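Enquirer: got a sequence here, can you model it:
(one chain, ligands or ions: 1)
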Amino acid sequence: GSVDKGEYKHYMLKEIYEQPKVVHAAMEGRLGKDSVLEQAFGTGAAEIFDQVRQVQIVACGTSYHAGLIARYWIEDLAGIPCMVEVASEFRYRKVVLPPGTLFVSISQSGETADTLAALREVRDRVLASLAICNVPGSSLVRESDLCLMTNAGPEIGVASTKAFTTQLVALLLTTLVLGRRHGLAPETEARIVDELKQLPALLERVLSLDPAIEKMSQAFAEKQHALFLGRGTLNPVAMEGALKLKEISYIHAEAYAAGELKHGPLALVDKDMPVVTVAPRNEMLDKLKANLQEVKARGGELFVFAGCSDEVLPEEGVQVLELPPVPGILEPIVYTLPLQLLSYHVAVLKGTDVDQPRNLAKSVTVE
Ligand code: G6P
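Expert: Below you'll find the model as predicted:
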């Protein structure tokens with residue numbers, strides 16, 4: 001095709017490094033000075049958004065993780081109930097859809113069989129359908145009432161990276177257009193719009209930490225398992241980090257909401273089970289730190305991506321990498337990058353086929 005790897009060893013690495021540029025493309029032309037321009041969603045968007053009373057998100061794989069993050073945003077900022085489900089379950093369940101349901105599908109390819117089937121299953125029973133998608137003219141886009149293209153450009157690596165972060169930008173724009181109808185203060189929208197404009201530069205700064213992340217990756221190459229922990233919007237980020245690691249390095253990785261540690265995974269923690277945590281400096285940090293202490297006490301090796309290293313002091317068995325200060329709303333986007341880079345470097349050390357991991361396909365167009 002017309003896409004080549006340029007100076008990069010793998011498409012995945014190229015796509016990770018493209019993120020500052022493509023998150024910009026995902027918001028370009030869609031932001032006014034203080035607000036999101038809703039024409040970007042298609043004709044009739046404003047009338048549809050006026051009537052939304054609940055949101056049902058459906059997706060698969062990495063796109064599903066984007067949906068899980070959007071749920072926190074939609075309920076927090078728009079105050080609208082939001083459900084999220086993997087398409088393969090949703091499509092076969094007797095789903096109850098309250099009046100005023102906006103059905104949102106999220107898909108890089110727009111051709112994932114289960115996601116498409118879910119849309120076809122419910123489209124006559126919902127207020128409207130919105131596709132968040134990276135491929136113009138794909139089936140999902142053609143068959144949905146509204147769409148917001150993620151503008152990430154072609155993604156070749158099977159493990160999704162830039163498609164995910166641009167989906168998050170698109171979902172944040174969606175949250176804002178819904179929120180303004182449900183009491184979201186114009187000042188809050190203006191602040192978030194302003195913060196979004198800082199995102200490309202923030203991502204550049206995180207990419208500059210790559211050498212330190214590459215060094216950290218050495219600790220994983222010989223491991224059989226890894227545990228990822230996060231809280232709030234960083235919980236789905238931990239899930240996405242675990243998915244990346246298992247997809248391309250074949251290391252068994254699991255993510256847990258940090259607060260669930262005591263309810264099972266703590267039994268697995270020992271020196272052979274590295275624990276990766278995304279710990280921005282937010283109101284959940286103290287809770288998360290208590291969870292980390294429990295891991296430490298069991299001899300677990302900790303790898304912490306932290307917003308403030310003063311708060312999570314490096315000590316024996318704890319490696320801390322400090323990220324730049326991040327506006328709270330952008331945390332899940334920014335903290336995804338170090339986890340992508342970590343998996344990438346672990347996979348390179350293990351010598352796997354990074355762009356074409358065994359048994360996996362870029363687009364799952366049959367059930
Ligand atoms: C496959 C890909 C994943 C992707 C998932 C959903 O499993 O390997 O990277 O997240 O499908 O694909 P979609 O195109 O619907 O986002």
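Enquirer: which bits of this protein sit near the ligand?
Expert: Those residues of the chain that sit near the ligand, judged by Cβ under 6 Å from any ligand atom, are 60-63, 107-109, 112, 115, 158-160, 360, 362-364. Glycine gets a C-beta too; all of them are placed from N, C-alpha and C.
Enquirer: which among those count as buried?
Expert: Neighbour counting by 16 or more other Cβ atoms under 10 Å classes 60-63, 107-109, 112, 115, 158-160, 362, 364 among the residues of the chain next to the ligand as buried.
Enquirer: ok, these vs residue 26, which is closest?
Expert: Compare each of those with residue 26 using Cβ to Cβ and the shortest gap goes to residue 108, at 12.7 Å.
Enquirer: contacting residues for residue 67?
Expert: 57-59, 84, 104, 106, 171 (Cβ atoms under 8 Å, 6 or more residues apart in numbering).
Enquirer: returning to that earlier point: tell me which two in the residues of the chain next to the ligand are the farthest apart.
Expert: 115 and 159 (18.2 Å).
Enquirer: counting only helices, which of the contacts of residue 67 make the cut?
Expert: Judged by DSSP state H, helices contain the following of the contacts of residue 67: residue 171.
Enquirer: residue 35 contacts residue 176, correct?
Expert: Yes. In this structure residue 35 lies within contact range of residue 176 using Cβ atoms under 8 Å: 7.4 Å.
Enquirer: count of residues packed around residue 21?
Expert: Burial of residue 21, expressed as a neighbour count using other Cβ atoms under 10 Å, amounts to 15.
Enquirer: show me where the stretch 201-350 of the chain has its helices.
Expert: Under the criterion DSSP state H, counting those that start in this stretch, the stretch 201-350 of the chain contains helices at 210-217, 234-249, 285-297, 331-350.
Enquirer: could you provide these in CSV, with additional columns for mean neighbour count?
Expert: Putting these into CSV (neighbours: other Cβ atoms under 10 Å) gives the following:
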stretch, mean neighbour count
helix 210-217, 16
helix 234-249, 26
helix 285-297, 16
helix 331-350, 25
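Enquirer: now render these as JSON lines, adding mean pLDDT.
Expert: Output for the helices of the stretch 201-350 of the chain, formatted as JSON lines (pLDDT from 0 to 100):
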{"stretch": "helix 210-217", "mean pLDDT": "98"}
{"stretch": "helix 234-249", "mean pLDDT": "97"}
{"stretch": "helix 285-297", "mean pLDDT": "80"}
{"stretch": "helix 331-350", "mean pLDDT": "98"}
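Enquirer: where does residue 310 land on pLDDT?
Expert: On pLDDT, residue 310 comes in at 69.
Enquirer: next, the closest residue to residue 190 other than its chain neighbours: phi, psi?
Expert: Taking Cβ to Cβ, 6 or more residues apart in numbering, and ignoring the residues beside it in sequence, residue 190 has residue 34 as its nearest neighbour in space, at 3.7 Å. Residue 34 adopts backbone torsions of phi -120, psi 10, taken as degrees, to the nearest 10.
Enquirer: in stretch 319-333, what's buried?
Expert: Going by neighbour count (16+ other Cβ under 10 Å), the buried part of stretch 319-333 is 319-323, 326-327, 329-333.
Enquirer: what's the farthest-apart pair in those residues?
Expert: 319 and 329 (27.2 Å).
Enquirer: just the strands in the stretch 101-250 of the chain please.
Expert: When secondary structure is read from DSSP state E, counting those that start in this stretch, the stretch 101-250 of the chain shows strands at 101-107, 128-133, 146-149, 225-230.
Enquirer: what does the shortest one contact?
Expert: Outside of strand 146-149, the residues within contact range by Cβ under 8 Å, 6+ apart are 40-42, 44-45, 48, 128-134, 136, 140-141, 170, 173-174.
Enquirer: mind redoing it with 6 Å?
Expert: 41-42, 45, 130-132, 141, 170 (Cβ atoms under 6 Å, 6 or more residues apart in numbering).
Enquirer: return the distance of that strand from the chain's centre.
Expert: For strand 146-149, the distance between its averaged C-alpha position and the chain's averaged C-alpha position is 18 Å (Cα atoms, centre = their mean, to the nearest Å).
Enquirer: so which helix or strand of the protein has the lowest pLDDT on average?
Expert: One helix or strand of the chain scores below all others by mean pLDDT, DSSP states H and E: helix 285-297, with a mean of 80.
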